[in-house]
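Participant: give me the fold of what follows.
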Amino acid sequence: MHEIMNGYGPQIVGIAGGSCAGKTWLADRLSEPFGNDAVRISLDSFYLDRSYLSAGRRALLNFDHPRAIDWRSFERVLRKCAAREQFSVPRYDFATHSRAAGESVFESARLVVVEGLWLFRRAAIRGLFSIKIFIRAPQNLCVERRLARDTRERGRTRKQVLAQMKRHTLPMFERFVAPQERWADVILETPVSASEVSQLKNRIAENLCAFGI
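Facilitator: Residues are numbered from 1 along each chain as shown. Sure, this is the predicted structure:
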């Protein structure tokens, strides 16, 4: 088992679940109390660069399939976190489906909170997490949130969002996202309660203290 399980590395907490299930919200709540002792990573930053394709071709790609991710780079970053080494994360532009210039550089920390759709699918990556959390959410709520987010932040129209949800997002959720529950240490239902968040924060704090991290 990886060294973090023996108490020699940081606590790496993974949060998986469907699109707009509340992963980012929970990641914020879990990392905030630890201040500079925590660092956040999103799997979304590791979408493969598609700038070599025309805008029309990019729009047709299935970004809800795990193969859309640069898994080699993502695993390399997590292993740097586990070794408490400095790491860099790509900057991804969802409006253009391509990477922006440069990368964001971070120092690893005692607590690393990672969120993403498919965090637990690969055994080599799954073994790096000290706590694996899966969030369940009603489909209609996820669709409402996705509509609000993508039309506001990612330059999509309502028609485009609904078409993508029907063609890719919902079928890929059933095929690739939902089955990850089997590997979760904690399964939460949306909306996640304040009590559940508090319990998780306490668990993380206890682990940090117990391992002397």
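Participant: paired strands for the lengthiest strand in the chain, with orientation please.
Facilitator: When the chain is parsed with DSSP state E, its longest strand is strand 98-106. When pairing is defined by DSSP bridges, strand 98-106 lines up against strand 87-93 (antiparallel).
Participant: which of the residues in the strand it pairs with are buried?
Facilitator: By neighbour count with 16 or more other C-beta atoms under 10 Å, strand 87-93 contains the buried residues 87, 89-90, 92. No exception for glycine: its C-beta is placed from N, CA and C like everyone else's.
Participant: out of these, who's nearest residue 81?
Facilitator: Taking C-beta to C-beta as the measure, residue 81 lies nearest residue 87 of these, at 6.3 Å.
Participant: ok, and the closest non-adjacent residue to the closest one?
Facilitator: residue 80 (4.1 Å; C-beta to C-beta, 6 or more residues apart in numbering).
Participant: what about the longest strand of the chain, distance to the chain center?
Facilitator: Centroid separation for strand 98-106 versus its chain: 17 Å, with C-alpha atoms, centre = their mean, to the nearest Å.
Participant: other residues contacting whichever helix or strand comes after that strand?
Facilitator: Later in the chain than strand 98-106, the nearest helix or strand by DSSP states H and E is strand 111-116. Residues from elsewhere that reach strand 111-116 (C-beta atoms under 8 Å, 6 or more residues apart in numbering): 10-16, 23-24, 26-27, 30-31, 34, 37-44, 78, 81, 129, 204, 208.
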